[in-house]
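Novice: Kindly return the folded structure for what I paste below:
(chains A and B)
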2 protein chains.
Amino acid sequence: MTKKSTSLHEDPIRHIVWKGDRLVVLDQRRLPRRVEYVTCRTARDVAKATTDMVLRGAPLIGCAAAYGMALAARRGRLKDVVAAEPVLRRARPTAVNLMHALDHMLAVAKSGPESSLPERMSAAAAKYWRDDLAFNATMAELGAALLKDGSNVITHCNAGALATAGIGTAVGMIRAGFLAGKVAHVYPCETRPYLQGSRLTLWELMQAGIPATLITDNMAAHLMKTHKIDAVIVGSDRIAANADVCNKIGTYGLAILAKHHGIPFYVVAPSTTVDLGTATGDLIPIEERSAAEVTEVFGTPIAPKGAKARHFAFDVTPHELVTAIVTERGVVSPADGATLKKVISR
Amino acid sequence: MTKKSTSLHEDPIRHIVWKGDRLVVLDQRRLPRRVEYVTCRTARDVAKATTDMVLRGAPLIGCAAAYGMALAARRGRLKDVVAAEPVLRRARPTAVNLMHALDHMLAVAKSGPESSLPERMSAAAAKYWRDDLAFNATMAELGAALLKDGSNVITHCNAGALATAGIGTAVGMIRAGFLAGKVAHVYPCETRPYLQGSRLTLWELMQAGIPATLITDNMAAHLMKTHKIDAVIVGSDRIAANADVCNKIGTYGLAILAKHHGIPFYVVAPSTTVDLGTATGDLIPIEERSAAEVTEVFGTPIAPKGAKARHFAFDVTPHELVTAIVTERGVVSPADGATLKKVISR
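Specialist: Residues are numbered from 1 along each chain as shown, chains lettered A, B, ... in the order given. Modelled structure (predicted):
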């Protein structure tokens, strides 16, 4: 499933594979212990895989949605594509890359005759995926340049290869930093409740041979105080026009802790994550998922019967707490709305 | 095992029961799903139960150690008590209540003839337990007076009945606050990796009929920003002479988040938790436990094979971040070393 590589321009994990008539998707829910694939033959299959978190990560959700639209186009009927679009759009509410991919693919669908619809859509989805892969490499290099030599880094959730088409956003920057001698050690937060940090990011880092030590989310402050931590690096699911950053639950707390300890806080995300149509972070819809994902771990109950729980899947970090946002179009530093808009609109 | 009660002066859970020739201890490791007891017949049994976390919570560790010394005294030989003392002292390094209880019991042992040793030690241990129970009630009332009506409260780990002889420290204050209409809703952080919040605190709150909703540790910042949170209330394992507070890992981060959001941060702990012999929090030994407790949840692996992890069991919150420390001898507010010493030395 994986191969060691030092190139920033490859996909180190073949986790979504386009087969022309179907999309084969690595099931991330049981990684790293079980390696299983789900085959999506329709846009509805892709929407379900997204909702159920077979695949996750904002850029990857966008790529999968693009392929979902290509699947909807296979019979050469524009109305199938138009009908598929809202089904995919409802799959998850927070990551704006999904909306961006759907807008783009709908425009492609309407840009030519139905006779060429399947080919056009398949080619556009594949290009959307290739673009994301290239964005990763660019961001990785721009981001690594911000780090000082021998840095100890904290990251959160999985903003790695499994969340994107290529080497990842935050983990891509870490990977490039490691290759350049700028990253010495990585501490991924486990990222409750879904454990993307322990299951996915730690696994990617181990595969890449990058020294990594797992911590629980609540150890980050202690580590910042007692160990030399030089940077916190995370991805994003949506960045508002004013540069507020929506990302996995726990990110906002980490940003406050970083500020308190004087540690730079970096966000790495492609321009497709920036939503200039949403003025501020407070306007971003925060998905709330099942309480069972908090009260159980892999089906094992960890709370009393009848326990109530909340499961906010994301939070919003105000731009004041962000040292820099790294996009493939450039670095926004310090992160503010005016600079972000200028960089993204290049 | 439990009974509903509105009294602050009772033990709502019979979780350590002195039988004269043995100490029966509720096994907290599998709570709330499994209710099992461990019988300790020797000081060594008590030390092992403490190390293995059959019982936990700083005040309860102290009470159990006192009974452990009483078990060592059963044959009426001072040398047995003297030999048991270091065995118990090594059981866990951070909670100072353990050291306090052992110093006290050793002094009792040396205060009279061997002929009365068993009776004196048994009576002294029982009194140590009763005192802790009474401290809980006093702290609960002093603490509740600090809260405003209808407060929403975050707590961390288990500083409840299961951690003490009586109604608990932080949870005792919450319980008294609830009875007085001052606590409307409680959000216990699950407290990874050992999940004392989801397994123990939530269960105690549900038993007491106090409205409670579980959150993962990394949701606290989002909750503070988006919901009305009026107080953070925690216990402590050791308070240094300068009022720095050592408590379960994650406490320090919560204190920073509370400060950032302008939310009062209260620490509730009996005077036996205060260690005037340790000048500052940085000098408190932080127990580091097995990495397996981070990489597995109830025996289910959540990280890749061969994963490295750190498991800091505690952290230290500088006194500047603490709004007030509630002890049975009075409230230290603002929390600083000079006031603490004055209150504790009353």
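Novice: mind checking the end-to-end distance for stretch A:258-273?
Specialist: 23 Å (C-alpha to C-alpha, to the nearest Å).
Novice: Please spell out which residues along that stretch are buried.
Specialist: Buried positions in stretch A:258-273, judged by neighbour count with 16 or more other C-beta atoms under 10 Å in any protein chain shown: A:258-260, A:263-273. C-betas here are computed from N, CA, C, even on glycine.
Novice: What strand or helix carries the closest residue to residue A:265 other than its chain neighbours?
Specialist: Counting by C-beta to C-beta, 6 or more residues apart in numbering or on different chains, residue A:258 is the residue found nearest to residue A:265 once chain neighbours are left out, at 4.3 Å. Using DSSP states H and E, the element containing residue A:258 is helix A:251-261.
Novice: For that helix, enumerate the helices and strands it packs against.
Specialist: helix A:220-226, strand A:231-234, strand A:265-268, strand A:314-317, helix B:220-226, helix B:251-261 (3 or more C-beta pairs under 8 Å, 6 or more residues apart in numbering or on different chains; DSSP states H and E).
Novice: Same list, these, but as a markdown table with distance to residue B:56 and mean pLDDT please.
Specialist: Below are the helices and strands packed on helix A:251-261 laid out as a markdown table (distance: least, C-beta to C-beta, whole Å; pLDDT from 0 to 100):
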| stretch | distance to residue B:56 | mean pLDDT |
| --- | --- | --- |
| helix A:220-226 | 19 | 97 |
| strand A:231-234 | 31 | 98 |
| strand A:265-268 | 34 | 98 |
| strand A:314-317 | 31 | 98 |
| helix B:220-226 | 22 | 97 |
| helix B:251-261 | 15 | 98 |
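Novice: of all these, which lies closest to residue B:143?
Specialist: helix B:251-261 (15.8 Å; C-beta to C-beta).
Novice: Show me which pair in the buried residues of stretch A:258-273 is furthest apart.
Specialist: For the buried residues of stretch A:258-273, the maximum inter-member distance is 31.7 Å, found between A:260 and A:272 (C-beta to C-beta).
Novice: how would you label the residue in the stretch 1-150 of chain A positioned nearest to chain B: helix, strand or coil?
Specialist: Closest approach between the stretch 1-150 of chain A and chain B, counting by C-beta to the nearest C-beta: residue A:32, at 4.5 Å. Recorded secondary structure, residue A:32: coil (DSSP: H, G, I helix; E, B strand; the rest coil).
Novice: picking that back up, isn't the residue nearest to residue A:265 right next to residue A:322, touching?
Specialist: No: taking contacts as C-beta atoms under 8 Å, residue A:258 lies outside contact range of residue A:322: 9.6 Å.
Novice: So for the two, which residues contact both of them?
Specialist: Common contact partners of residue A:258 and residue A:322 (C-beta atoms under 8 Å, 6 or more residues apart in numbering or on different chains): residue A:265.
Novice: In stretch A:285-300, which residues are buried?
Specialist: A:286, A:289, A:291, A:293-297.
Novice: Let me see the ranges of the helices in chain A.
Specialist: For chain A, the helices defined by DSSP state H occupy A:43-51, A:58-72, A:78-89, A:96-109, A:117-144, A:170-179, A:196, A:202-207, A:220-226, A:251-261, A:292-295, A:337-344.
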